[in-house]
Structures are given as C-alpha cells and as structure tokens.
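J.: Below are the sequence and a predicted model; questions follow.
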Amino acid sequence: MLNGWVMHLLMNVSALVALGPVLERSAHRKLLAPVWLAGALAGSLLSWAALPATSVGASGGLMGIFAFLLVMSWRRRKLLPSDFLNSLLRNLLVTAVFGALAWAIIDNAAHLGGFLAGGSIGLLVFRNSEGELPLRDSNGLRALGSVSEAAFVGLIFYTAFRLLAPH
C-alpha cells in the first residue's frame, strides 16, 4: 500500500489504471481485488525471503494482474484481439529490461512473487482454453470479490492508521 517516492506512486497508479479495467472488462469485475491482493502478498513474501527488508509499493499486485492477463490471453486467445497477447509480451519484456537495468532500486523479487501468484490464479481460472469471456457471474466470484474488496479497504485504513499514529 506504500510507495517510496512520487514517481513510484505515479508509475504504479498508471499501471493499475491501464491494467485494472482490462481485467475487469475481459475476465470479471470481481477478480481485480483478489488477484491484486494475492500478487501483493506473494510479492511481499518473496521480497522478504530474498532480502529481509521493508518493501514498498503495489508492484507485486500489479505484476499479479499482469500475469493473470497473460495467462488469460494465452488460454482464451481466440476470444481476444489478435495482438492482445503480443502486446502483453512486449510490455513484459520492457518491464524485465527495466528491472534488470535498475536492479538496485527495483524490488524484482516482489515483481516475481506477484507475477507467480497472478499467473497461478490465471492457470486455475482458465484451466482450459474453452470458455467465454468475460466469465459468467457466480455467487462464488461475487463473494470472493466482495471479501477481497473489504480486505483491500481494511488495508488502506490500517496503513493510514500506522502512518498517522504517533510513534
């Protein structure tokens, strides 16, 4: 939930503004929060395991969304525009190159953890290449989304409380 500096915040917000609606419209609106949360948690855990230090930013969650979209575009490519998957792959290459060049200031472990979590969720949701997009609405998806959205709002309040509490 935290970002290290203004440029970091702007990059993360612009990525979420670009990727979030794509996931909501192409897969299901209620999947955005759980995919982001799983990516953020996995990214934080892998970052902590690789380099036990405080990691900031939503990058793990964003990479989770990105990987989920990659799996979706691979498994359901017949239902998406012909260049959808290639566009995501080009962006993945740019992200990887940027992460390699700026390794000293980018938490690549958080990116990888989020990517692995989002990709795993994508493989679970899109187990086979047959099916429709967007996904059919279901009680399970609505419940998962609602619980994740509530957790997200709770994390916002917890983070704000911790930042504003006297030390």
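T.: Happy to help now that I have it.
J.: Could you count how many residues lie near Ala50?
T.: 15 (other C-beta atoms under 10 Å). Glycine gets a C-beta too; all of them are placed from N, C-alpha and C.
J.: quick one: it from Ala110, how far?
T.: Note on Ala50: its distance to Ala110, by C-beta to C-beta, to the nearest Å, is 9 Å.
J.: Leu88 now?
T.: 20 Å.
J.: Likewise for Leu164?
T.: Separation of Leu164 from Ala110 (C-beta to C-beta) stands at 25 Å.
J.: do the same with Leu9
T.: Here Leu9 is placed at a distance of 15 Å from Ala110 (C-beta to C-beta).
J.: What is the burial count for Gly118?
T.: For Gly118, using other C-beta under 10 Å, the count is 29.
J.: actually Arg127, sorry about that
T.: For Arg127, using other C-beta under 10 Å, the count is 10.
J.: Does it belong to a helix, a strand or coil?
T.: Three-state call for Arg127 (DSSP: H, G, I helix; E, B strand; the rest coil): coil.
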